[in-house]
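# whatever this is, show me its structure:
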Amino acid sequence: MKAKSIKGKSPKEIKTALSESKADGFKPTLAIVFISIKQDRQAVCEILNKENLDIFGATSSGEFIDRHQSEGEIVILLLDLKRSDYSILFEDIGDRSMEDATGQLVHNAFQKFEKPAFILLTTLLTSDGRLLDGEGMVKHIEKLAGPDINMFGGMAGDDITFTGTWIFTHSKSTDYGMAAIVLDESKIELHGLAFSGWKPMGVFRIATKSDGNLIYTIDNRPALEMYLHYLGSEISSTDHQTDFFDKIGVHYPFQIERENREPKMCNPIGYDREKQALICESDVPQGSRLRFSTPPDFDIIDTVISKAGELKNEVQAEVDAILIFSCAGRLSALGPMAQQENEGLQKVWNAPMAGFYTYGEFGKGINGKHEFHSTTNSWVTLKEK
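Coordinates of the predicted model:
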């Protein structure tokens with residue numbers, strides 16, 4: 001399999017970059033697209049479709065390829081993967097339950113391949129505030145497909161506006177659904193890891209009243225008041241919800257205890273001042289045990305890159321391409337080091353790379369289990385056998 005990554009600030013630039021990528025005879029079949037909500041997705045899809053490319057994409061909160069990072073632009077990973085080795089599945093949830101949509105996705109995957117692996121893209125929230133339960137989706141996939149299923153990916157972004165996220169193919173798009181490149185694992189080898197680095201602090205506390213993604217009280221105290229008091233922070237009447245996320249929530253997520261799994265990282269993305277409630281990026285069941293956490297030290301980049309190096313030495317594999325799904329919180333909290341992290345991973349594997357900053361990540365944790373993550377860098381390599 002051959003791969004190339006391209007970028008552009010407009011559909012016109014993408015058209016030029018695509019043409020240049022094919023000048024040496026490269027004939028890609030698949031385009032994995034990460035694109036700002038500011039861009040014309042349909043125009044980009046039309047350009048790719050005219051070149052007979054299958055399209056799989058998500059809106060982003062920042063996007064990157066080899067030696068380039070942008071906000072508000074377009075990046076694409078092009079692959080000349082055999083069409084018999086992959087299939088693109090798309091589920092617009094609509095009025096169905098998340099479990100029904102996930103069940104259909106998994107059923108269709110096993111109709112295609114005996115041993116499927118998943119590159120997942122999902123939405124996070126719609127313009128009217130509906131959230132997709134990423135953790136529930138991962139658990140349901142694992143329940144139906146088995147614990148050894150490989151799945152990596154991310155939740156679409158919207159340039160940190162929280163106005164609505166989108167996933168799409170050429171002919172389909174939705175702000176409430178899931179899609180997957182399903183790979184035939186007998187033909188395509190995957191290796192990857194998801195790592196956060198945020199550190200727990202203080203004692204366990206209890207979400208004593210919660211409903212969905214709203215936490216009303218922690219240890220029977222108003223959640224917003226307690227969160228701000230614990231961190232020594234405050235919000236003014238003029239603060240916007242995105243200011244709260246950028247300045248506080250993204251830096252100090254909760255670590256929510258999970259049985260026989262790594263803790264789930266969960267960012268507060270907003271608040272309800274009247275109810276003194278925290279709005280979180282995923283559901284927090286009432287009674288959950290949680291801890292506050294603090295951003296990693298400056299050595300986090302070396303840790304992530306060294307773990308990638310260890311895995312490369314362990315599997316003794318050269319790869320064809322790498323996809324990176326990095327939490328938007330890492331970009332906000334780590335600044336330029338987030339780009340260094342992504343470029344460091346690309347250098348370890350020495351393969352064309354593309355990725356985007358997400359609102360949630362899917363991937364194999366340090367414990368070896370595939371999880372739903374936040375504040376995490378989840379990456380996966382692809383290699384044709």
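
# buried residues, the helix or strand of the chain with the lowest mean pLDDT. List them.
Sorting the helices and strands of the chain by mean pLDDT, DSSP states H and E puts helix 241-244 at the bottom, at a mean of 76. For helix 241-244, the buried set under the neighbour-count rule, 16 or more other C-beta atoms under 10 Å, comprises 241-242, 244. (C-beta placed from N, C-alpha, C; glycine too.)

# which among those gets closest to Ser186?
Comparing the buried residues of helix 241-244 against Ser186 with C-beta to C-beta places Thr242 closest, at 44.8 Å.

# what sits up against the least confident helix or strand of the chain?
160-162, 235, 268-271, 279 (C-beta atoms under 8 Å, 6 or more residues apart in numbering).

# and the next helix or strand past that helix?
Past helix 241-244, further along toward the C-terminus, the next helix or strand under DSSP states H and E is strand 254-256.

# circling back to that earlier point, dump the C-alpha coordinates for the least confident helix or strand of the chain into PDB.
Output in PDB follows, covering the C-alpha atoms of helix 241-244 (Å, rounded to 0.1, in the frame of the first residue of the first chain):
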ATOM      1  CA  GLN A 241     -18.900  28.800  27.500                       C
ATOM      2  CA  THR A 242     -15.900  28.200  25.200                       C
ATOM      3  CA  ASP A 243     -13.800  30.400  27.500                       C
ATOM      4  CA  PHE A 244     -14.600  28.100  30.300                       C
END
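
# which residues of the protein fall in helices?
Along the chain, the segments classed as helices by DSSP state H run 11-21, 41-50, 98-112, 134-145, 223-231, 241-244, 300-315, 328-334, 336-349.

# closest to Ser173 out of those helices?
Closest among the helices of the chain, once you apply C-beta to C-beta, is helix 41-50, at 7.2 Å.

# mark out where each domain of this protein begins and ends.
Domain assignment of the chain by automatic domain parsing yields the ranges 3-195+298-384, 199-294.

# looking at the ones you listed, which has the lowest confidence?
Among the domains of the chain, domain 199-294 carries the lowest mean pLDDT, at a mean of 89.

# starting at the chain centroid, how far to that domain?
With C-alpha atoms, centre = their mean, to the nearest Å as the basis, domain 199-294 stands 20 Å off its chain's centre.

# can you give me the end-to-end span of it?
5 Å (C-alpha to C-alpha, to the nearest Å).

# and for stretch 313-333?
First-to-last residue span, stretch 313-333, C-alpha to C-alpha: 30 Å.

# could you pull out the buried residues of it?
Result for stretch 313-333 [16+ other C-beta under 10 Å]: buried residues 319-333.

# ok, the residue nearest the centre of the chain to Ala109 distance?
Nearest to the geometric centre of the chain sits Gly154, at 2.0 Å (C-alpha atoms, centre = their mean). Spatial separation of Gly154 from Ala109 under the definition C-beta to C-beta, to the nearest Å is 18 Å.

# which phi and psi does Asp158 have?
Dihedral pair for Asp158: phi -150, psi 40, per degrees, to the nearest 10.

# my guess is it contacts Thr165, does it?
Yes. With contact defined as C-beta atoms under 8 Å, Asp158 reaches Thr165; the gap is 5.0 Å.

# hmm, back to that, which members of the contacts of helix 241-244 are the farthest-apart pair?
Thr161 and Ile235 (18.6 Å).

# looking at those two, which is more packed in?
Ile235 (16 against 13; other C-beta atoms under 10 Å).

# look up how far Ile248 lies from the more buried one.
According to C-beta to C-beta, Ile235 and Ile248 sit 8 Å apart.

# quick one: residues contacting Lys247.
Contact partners of Lys247, counting by C-beta under 8 Å, 6+ apart, are Ser233.

# again, but for Ala17
Shown in contact with Ala17 (C-beta under 8 Å, 6+ apart): 6-8.

# burial count for the closest residue to Phe118 other than its chain neighbours?
For Phe118, ignoring the flanking residues on the chain, the nearest one in space by C-beta to C-beta, 6 or more residues apart in numbering is Met151 at 4.1 Å. If you count neighbours by other C-beta under 10 Å, Met151 ends up with 24.
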